[in-house]
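Q: What follows is a protein structure lacking sequence information:
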């Protein structure tokens, strides 16, 4: 029986509670339900002590009609976990990079020339190493929290992404072994303020990901974490984002330049990855910069990735103090 893990607001105490979700039902994971000797039951402790938790959860998931289970629809689902580290892969979808190159082409170049040139450069890049930058856990939000659009810009953009959840301490592994270190997968919308990506006052410095990507709520995450054993192939999932009902992104993870395994391996060469860390794998074609349309007050984003549930985020303008 397939199942996922969530964090939700306990209806009785109002405090965060880990839950086992199966077929639209949720079992609160209390110390009496799940035995993790010496550890309080949280989604983070389940990940870190998966060797003790997995068999117990497998058995519990077989009885989703039993006593103690709640209806998922009745719960307030929170961001599933609080990682210590967030790594984000940039420009990792082939078609996305090609589309961006076309939108910024010189007047004397045709679209066909730019597409061919960029496609060739993507082939060369795939033989190199991924591009990473750091995200902040304080930017995380749940899959249904309103997104407050900061008033200092009108260029806030969406980027729905598959995120890898690290399962074990991982340092300098090869791509062949990298997926053994993965606990599971979740969904993240990596909101970006486009006109802050490059510092006009310091052009030689390059990208300013700190200011452009880390405002409160800029990483809607979840709603769930799906254990890796229920994902046959992370390169065969569909990433779809609809804005006010209109499909903007709809792409297979097969379009990644660097696979999930190669991203985990590459990230682990520089730093130890820790249980519960997130590695965002990049966003496919179809963000607002491509469509010439940024997020506005009243917009509704609906995000789905195969097997990872649904995000439903309402946008509203920041109210000046």
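A: It's in. The model shown is predicted, which means the values in this text are computed figures rather than measured ones.

Q: Could you identify the helix or strand that succeeds the longest helix along the chain?
A: Identified as the longest helix of the chain according to DSSP state H is helix 111-125. The helix or strand immediately downstream of helix 111-125 is strand 131-135, counting by DSSP states H and E.

Q: could you check the angle helix 111-125 makes with that next one?
A: Orientation note: strand 131-135 sits at an angle of 80 degrees relative to helix 111-125 (axes from the mean of the first three to the mean of the last three Cα atoms, to 10 degrees).

Q: Show me what strand 131-135 is packed up against.
A: Counting contacts by 3 or more Cβ pairs under 8 Å, 6 or more residues apart in numbering; DSSP states H and E, strand 131-135 packs against strand 86-90, helix 209-213. Heads up, the C-betas are built off the backbone N, CA and C, glycines and all.

Q: Pick the most deeply packed of these.
A: strand 86-90 (a mean of 23; mean count of other Cβ atoms under 10 Å).

Q: What strands flank it, and is each parallel or antiparallel?
A: Applying DSSP bridges to the sheet, strand 86-90 is found paired with strand 131-135 (antiparallel), strand 278-280 (parallel).

Q: Out of those, flag the one nearest residue 250.
A: The closest of those to residue 250 is strand 278-280. By Cβ to Cβ, the value is 18.7 Å.

Q: Show me what that closest one is in contact with.
A: The contact list for strand 278-280 (Cβ atoms under 8 Å, 6 or more residues apart in numbering) reads 83, 85-89, 135, 161-166, 186, 188, 190, 221, 260, 263-264, 267, 273.

Q: Mind giving me the PyMOL select for those, buried ones only?
A: With 16 or more other Cβ atoms under 10 Å as the criterion, this PyMOL line picks the buried residues out of those:
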select buried, resi 83+85+86+87+88+89+135+161+162+163+164+165+166+186+188+190+221+260+263+264+267+273
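
Q: just checking, which of the contacts of strand 278-280 belong to strands?
A: Cross-referencing the contacts of strand 278-280 against strands under DSSP state E gives 86-89, 135, 161-166, 186, 188.

Q: in the stretch 1-150 of the chain, which spans are helices?
A: Assigned helices in the stretch 1-150 of the chain, in chain order: 43-48, 50-61, 94-103, 111-125 (criterion: DSSP state H, counting those that start in this stretch).

Q: Using JSON lines, lay out those together with distance to residue 316.
A: Output for the helices of the stretch 1-150 of the chain, formatted as JSON lines (distance: least, Cβ to Cβ, whole Å):
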{"stretch": "helix 43-48", "distance to residue 316": "28"}
{"stretch": "helix 50-61", "distance to residue 316": "37"}
{"stretch": "helix 94-103", "distance to residue 316": "27"}
{"stretch": "helix 111-125", "distance to residue 316": "36"}
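
Q: highest average neighbour count across those helices?
A: Stretch with highest mean neighbour count among the helices of the stretch 1-150 of the chain: helix 43-48 (a mean of 22; mean count of other Cβ under 10 Å).

Q: Report all helices and strands that that one contacts.
A: When contacts are defined as 3+ Cβ pairs under 8 Å, 6+ apart, helix 43-48 packs onto strand 4-9.

Q: Now do the strand it packs on and helix 50-61, the angle between them.
A: Using the same axes, to 10 degrees, strand 4-9 lies at 90 degrees relative to helix 50-61.

Q: before we move on, back to that, of all the helices and strands packed on strand 131-135, which one is nearest residue 277?
A: Minimum separation from residue 277 across the helices and strands packed on strand 131-135 (Cβ to Cβ) falls at strand 86-90, 7.1 Å.

Q: what mean pLDDT does that closest one have?
A: Averaging pLDDT along strand 86-90 yields 96.

Q: what's the answer for stretch 232-249, then?
A: Confidence for stretch 232-249, expressed as mean pLDDT, is 98.

Q: most packed of the strands paired with strand 86-90?
A: strand 278-280 comes out most buried of the strands paired with strand 86-90 by mean count of other Cβ under 10 Å, with a mean of 25.

Q: Can you name the next helix or strand after that strand?
A: Following strand 278-280 in sequence order, the next helix or strand is helix 288-291 (DSSP H and E).

Q: pLDDT averaged over the longest helix of the chain - what is it?
A: Averaged over helix 111-125, pLDDT sits at 81.

Q: what residue ranges in this structure score low on pLDDT?
A: 104, 321 (pLDDT under 70).
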